[in-house]
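Asks: using only what follows, build the 3D model:
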Amino acid sequence: MTIVAVVRPGWTDFDEQHRLIGSLDLPLNSRGEAQLATLIERLKALPNPPDAIVCGTVQPAKRTAAAIAEAFDLTVRESEEFANLDLGLWQSSTIEDIGRRMSRIFHQWQEAPETVCPSEGEPWEVAVTRVQRALKKPLRKFDALVIVASEPLASLVSSLLTGEPPDLTTAFSEEPRDPIIEVFESSRDGEYIRQSNADETT
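Replies: Predicted coordinates for the structure are as follows:
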């Protein structure tokens with residue numbers, strides 16, 4: 001049995017402003033730094049302590065992963081293959097502004113992101129291929145894995161684990177909430193079952 005916790009990073013100024021971050025390299029702000037302690041406490045409540053932490057190479061995920069790693073005496077495994085999706089010209093725009101300017105396209109992207117690619121952004125199917133490749137080794141090797149990922153990468157990872165269609169309607173339809181943790185447990189047939197919803201760790 002493998003347990004996987006998908007952790008969203010602490011907040012940046014863009015989260016506060018309800019802007020799309022995508023692949024931009026932004027530091028956590030003071031609120032994001034304060035959120036790390038809560039994330040760590042929630043991870044300590046999991047049935048098994050993590051034995052590996054993976055993340056991409058930009059600051060929100062790296063800083064969050066580093067704090068978790070320090071708490072559990074682990075080393076962060078950084079990989080470009082766990083980079084957040086490049087959202088092209090949408091990056092740095094507010095969600096409200098994109099919704100106003102291209103309502104139909106944006107809603108289609110939220111409900112079926114594999115059907116829409118933001119201008120100059122990374123196609124969903126390209127991201128799927130690299131994340132599938134990145135997940136293979138750690139899912140085989142570790143019993144309790146933490147993946148630190150911003151949206152929409154976090155939702156992509158969840159979709160790949162469960163085999164459910166991707167859905168970004170919750171991730172990009174509300175004012176930002178405190179970072180959430182989704183927990184998945186492998187079944188005997190190798191599929192992953194979500195053990196908590198977006199607001200709970202257990």
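Asks: please count neighbours and contacts with C-alpha atoms only from this point.
Replies: Will do.
Asks: contact partners for the residue nearest to the spatial centre of the chain?
Replies: Nearest to the geometric centre of the chain sits residue 154, at 2.4 Å (C-alpha atoms, centre = their mean). Residue 154 makes contact with 6-8, 148 under the criterion C-alpha atoms under 8 Å, 6 or more residues apart in numbering.
Asks: tell me the mean pLDDT for the helix or strand hosting it?
Replies: In the assignment (DSSP states H and E), residue 154 maps to helix 153-162. For helix 153-162, mean pLDDT rounds to 96.
Asks: and the gap between residue 79 and residue 59?
Replies: Separation of residue 79 from residue 59 (C-alpha to C-alpha, to the nearest Å) stands at 13 Å.
Asks: which one's more surrounded, those two?
Replies: Ranked by neighbour count (other C-alpha atoms under 10 Å), residue 79 and residue 59 place residue 59 first, with 16 against 13.
Asks: now do the same contact list for the more buried one.
Replies: Shown in contact with residue 59 (C-alpha under 8 Å, 6+ apart): 25-28.
Asks: start and end of stretch 111-123, how far apart?
Replies: Note: stretch 111-123 ends 15 Å apart using C-alpha to C-alpha.
Asks: and what of stretch 6-20?
Replies: When the end residues of stretch 6-20 are compared by C-alpha to C-alpha, they are separated by 19 Å.
Asks: got the buried residues for whichever helix in the chain runs longest?
Replies: In the chain, taking DSSP state H as the definition, the longest helix is helix 124-141. By 16 or more other C-alpha atoms under 10 Å, the buried positions in helix 124-141 come out as 124, 127-128, 131-132, 134-135, 138-139.
Asks: for stretch 25-45, same thing?
Replies: For stretch 25-45, by 16+ other C-alpha under 10 Å, it's 27-29, 32-33, 35-36, 39-40, 43-44.
Asks: and which of the contacts of residue 59 is nearest residue 97?
Replies: Proximity of those to residue 97 (C-alpha to C-alpha) peaks at residue 26, which lies at 20.5 Å.
Asks: which residue ranges form the helices in the chain?
Replies: 13-16, 30-44, 59-72, 95-101, 103-111, 124-141, 153-162.
Asks: tilt between the fifth one and helix 124-141?
Replies: Taking axes from the mean of the first three to the mean of the last three C-alpha atoms, to 10 degrees, one finds helix 103-111 and helix 124-141 inclined to each other by 20 degrees.
Asks: mind listing what's buried along helix 103-111?
Replies: Neighbour-count burial for helix 103-111 [16+ other C-alpha under 10 Å]: 105-111.
Asks: give me the contact list for the helix-or-strand element of the chain with minimal mean pLDDT.
Replies: Using mean pLDDT, DSSP states H and E, the weakest-scoring helix or strand in the chain turns out to be strand 192-194, at a mean of 92. Outside strand 192-194, the residues that touch it by C-alpha under 8 Å, 6+ apart are 161-162, 182-187.
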